[in-house]
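Asks: generate coordinates for the sequence data below:
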Amino acid sequence: MAPPSRIIFSLLTFVTVGMIIGALSQLAFIRKLEDSYDTESMPFRRLRGLESSYIQLPRGLNIWNNDNESKILRLGYIKPEVLSWSPRIILLHNFLSMEECDYLRTTALPRLKNSTVVDKNTGKSIQSDVRTSNGMFLSRKERKYPRVQAIEKRISVYAQIPIENGELIHVLRYQKNQFYKPHFDYFSDIFNLKRGGQRIATMLMYLTDNVEGGETYFPMAGSGDCSCGGKIVQGLSVKPTKGNAVLFWSMGLDGQSDPNSVHGSCEVLSGEKWSATKWMRQALHT
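Replies: Here you go, the predicted model:
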């Protein structure tokens, strides 16, 4: 039998070697993740330490290209930017690809109808002059399409809410002079609360560029002024940029509805604003 000291030494050696291997593996992964941002398939990238300098890279150069899961999650493309902690708002740059934006817009176009709002007394959808856009919901059959499944999974991962807790994707079009006055995404009626609980969070994805006005406006966020449909107002606004997405929470960290999450869509001055919305619930949405 080996002396106890030799056994202890062997165990310590084994643990030390394991820790070294683990550390090297973590460093390699982090390095791979960093490199993916440096080699993303966009026309330009920012040089480290040189905020005003750019170099051009060939399109399609991305080390995640052979990893299907990473393609679905767009690792190396999406850049999160925290806009506000109260209410909680995160801007996700490059959340959708240009092809995904065009796909959602093309799918929705022939099926657009006048947008509605939820009647707080009955829970039913009604037309209202507070919302003047056109929209449609993707069907449950379309939800199973690979392209839609990829978007749904990406939303679930970044929001950290299970896919099955989400409502069907809602595509909207705002034309000139159309808007949606400030409102809450959380429910005030019992009917909708029974079908999956309260809305926790919203992922709002922009599908077009070249829009004047049409900002997403949070009057209770920020501490300064912002632009909203050509007017200067107090609060925080996000300009619609194709491929970007805004993730915000309708519930606070205390689990209660957050009145600071009030938001609206500013009036479109020119062009068309297209967006896709995913509302996420507390429980399985039926």
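Asks: isn't Arg195 right next to Ala283, touching?
Replies: No - taking contacts as C-beta atoms under 8 Å, Arg195 lies outside contact range of Ala283: 9.2 Å. C-betas here are computed from N, CA, C, even on glycine.
Asks: name the nearest residue to Leu204, sequence neighbours excluded.
Replies: Val246 (4.6 Å; C-beta to C-beta, 6 or more residues apart in numbering).
Asks: hang on, I meant Glu272
Replies: Using C-beta to C-beta, 6+ apart, the nearest residue to Glu272 is Gln175, at 5.6 Å.
Asks: so the one you found sits against Ser270, correct?
Replies: No - applying C-beta under 8 Å as the test, Gln175 and Ser270 come out as separate, 9.8 Å apart.
Asks: got the contact list for Thr202?
Replies: 185, 246-250, 277-280 (C-beta atoms under 8 Å, 6 or more residues apart in numbering).
Asks: what subset of those residues is buried?
Replies: 185, 246-250, 277-280 (16 or more other C-beta atoms under 10 Å).
Asks: so which of these sit within strands?
Replies: Mapping the buried ones among the contacts of Thr202 onto strands (DSSP state E) picks out 246-249, 277-280.
Asks: gap between Val171 and Lys278?
Replies: Distance of Val171 to Lys278, given as C-beta to C-beta, to the nearest Å: 10 Å.
Asks: apologies, that question was intended for Pro146.
Replies: Taking C-beta to C-beta, one finds Pro146 at 17 Å from Lys278.
Asks: same check, this time on Arg199
Replies: 10 Å.
Asks: try Gln198
Replies: For Gln198 relative to Lys278 (C-beta to C-beta), the value is 15 Å.
Asks: now Ile190
Replies: Distance from Ile190 to Lys278, by C-beta to C-beta: 23 Å.
Asks: having no further points to raise, I will conclude here.
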